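K.L.:
pasted the sequence and its predicted model underneath.
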Amino acid sequence: MKAYSIIVIYLFVLFSCVQAQNNTTKFQDKKGKFKISFPSKPKITTQSGETQYGDIITYSFKAEPKNDDNLSYEVHYLDYPKGFVDTLSTEGIYALFNGSQTTNIISDDIQSIGVFNKNLLGYVGREFRWQDVTTNKLSRVRFYLVNNRMYILAVNTKKEKNFNVSINQFFESFELVDTKPNSKKQAVSRKKEKVYKIKFPKATEIREMETPTEYGNAKLIGELYQPKLKDDDNLMYMVLVLEYPEDITKTSNFDLDNYYSNAIKTALANRQTTLISKKKVSKNGVLGIEVKESFRGGQIMIKYVTFLKGNLQIGIQVMTTSENYGNKSMNDFFDSFEFIDE
């Protein structure tokens with residue numbers, strides 16, 4: 001099941017969870033018009049270089065705390081000529097992000113493991129995930145283009161530390177200062193109406209990517225809320241929708257039970273989780289499968305329900321600690337899911 005192996009990699013690389021939260025210090029740079037929480041005082045440097053856009057200065061802030069979950073935390077920013085930036089479409093901005101980092105990747109050992117769109121105050125952003133297969137080091141690099149200024153946030157860590165709260169805390173602590181929301185309308189693809197509804201505990205964030213599958217390229221949309229271990233019984237709530245280019249249930253020799261079976265096997269292998277239980281479920285006449293998994297020796301529990309409806313695979317997931325499994329917030333989230341009559 002090639003399609004699902006890609007999905008679960010996205011799903012589990014996407015989230016950082018359950019590690020001790022580190023002490024952080026809010027850092028603000030007035031000239032750079034941002035503030036962010038570093039785990040230790042960052043080293044500040046500047047570098048000037050001649051580029052195709054003229055002489056550009058890069059301002060860098062880097063912290064390498066000792067005895068931390070991660071190797072380094074970084075913020076960089078640089079200003080492009082306004083006349084150049086004004087000519088860019090959304091796709092042009094994505095290309096600028098891609099070119100800004102791939103020029104520094106000169107080793108075949110560094111492989112991409114994910115690309116996700118994430119905007120801030122209406123400004124275009126994108127996050128890249130990289131893994132060095134030789135050293136097992138992982139990098140998460142997030143870009144924002146705010147007017148003519150590019151911000152670059154990065155966290156480097158070891159593979160075994162990939163799932164730690166400090167990564168998300170750093171990224172989510174980033175704030176723009178004295179900057180108004182983007183009033184320009186960005187060109188976006190027309191969204192398809194949802195075929196389901198569900199109630200998240202609080203406001204969510206959306207992450208998107210495209211991925212190749214055995215049925216052709218598919219669009220992957222993740223909607224999630226991460227409580228960050230505060231004021232909630234759960235670690236993460238998510239709905240993940242995979243939009244195939246066609247109704248795969250109508251393809252030759254398609255078997256729904258076999259599809260779900262292969263999906264579970266591949267998910268367990270890629271997530272390195274242990275299957276506790278599985279059962280068939282139904283919602284508004286749509287057949288699905290419910291799975292309970294454990295991770296990290298039973299410390300983390302995952303409940304995942306997935307449905308296949310036409311060309312959409314819809315997965316609902318809650319991740320929590322073992323002692324909180326089956327809590328009211330988890331049950332309310334799953335109970336709130338239902339398909340919308342077409």
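P.N.:
Thanks, I have it.
K.L.:
in stretch 288-297, which of the residues would be classed as buried?
P.N.:
288-289, 291-295 (16 or more other CB atoms under 10 Å). Where C-beta positions appear, they are placed from N, C-alpha and C, glycine not excepted.
K.L.:
cool, and stretch 316-326?
P.N.:
Buried, per 16+ other CB under 10 Å, within stretch 316-326: 316-321, 325.
K.L.:
can you pull out the residues in contact with that stretch?
P.N.:
The contact list for stretch 316-326 (CB atoms under 8 Å, 6 or more residues apart in numbering) reads 11, 15, 17-18, 198, 233-240, 292, 294, 298-306, 327, 330, 333-334, 337.
K.L.:
if we use 7 Å, what do you get?
P.N.:
Residues outside stretch 316-326 that contact it (CB atoms under 7 Å, 6 or more residues apart in numbering): 17, 198, 233-240, 298-305, 327, 330, 333-334, 337.
K.L.:
filter those residues down to the ones in strands?
P.N.:
234-240, 300-305 (DSSP state E).
K.L.:
most neighbours out of those, which is it?
P.N.:
Counting neighbours by other CB atoms under 10 Å, residue 237 comes out on top of the ones in strands among the contacts of stretch 316-326 with 26 neighbours.
K.L.:
number of nearby residues for the nearest residue to it once chain neighbours are set aside?
P.N.:
Once flanking residues are discounted, residue 237 sits nearest to residue 225: 4.8 Å by CB to CB, 6 or more residues apart in numbering. Residue 225 has 18 neighbours, counted by other CB under 10 Å.
K.L.:
got phi/psi on residue 225?
P.N.:
phi -130, psi 120 (degrees, to the nearest 10).
K.L.:
model confidence for it, exactly?
P.N.:
Note for residue 225: predicted pLDDT of 88.
K.L.:
that one: what's it in contact with?
P.N.:
Neighbouring residues of residue 225 by CB under 7 Å, 6+ apart: 200-202, 204, 237.
K.L.:
same thing but 10 Å
P.N.:
Residues near residue 225 by CB atoms under 10 Å, 6 or more residues apart in numbering: 200-205, 232, 234, 236-239, 333.
K.L.:
same deal with residue 180?
P.N.:
By CB under 10 Å, 6+ apart, the residues touching residue 180 are 121-122, 147.
K.L.:
got the domain boundaries for the chain?
P.N.:
25-176, 190-339 (automatic domain parsing).
K.L.:
residue 184 is nearest to which of the ones you listed?
P.N.:
Minimum separation from residue 184 across these (CB to CB) falls at domain 25-176, 7.8 Å.
K.L.:
which of the buried residues of stretch 316-326 fall in strands?
P.N.:
Judged by DSSP E, the buried residues of stretch 316-326 include 316-321 as members of strands.
K.L.:
okay, those in CSV with pLDDT next?
P.N.:
Converted to CSV, those look like this (pLDDT from 0 to 100):
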residue, pLDDT
316, 96
317, 94
318, 95
319, 92
320, 92
321, 91
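K.L.:
nearest to residue 31, of the residues you listed?
P.N.:
residue 319 (39.4 Å).
K.L.:
quick check: end-to-end length of stretch 266-282?
P.N.:
Length of stretch 266-282, first residue to last, CA to CA, to the nearest Å: 22 Å.
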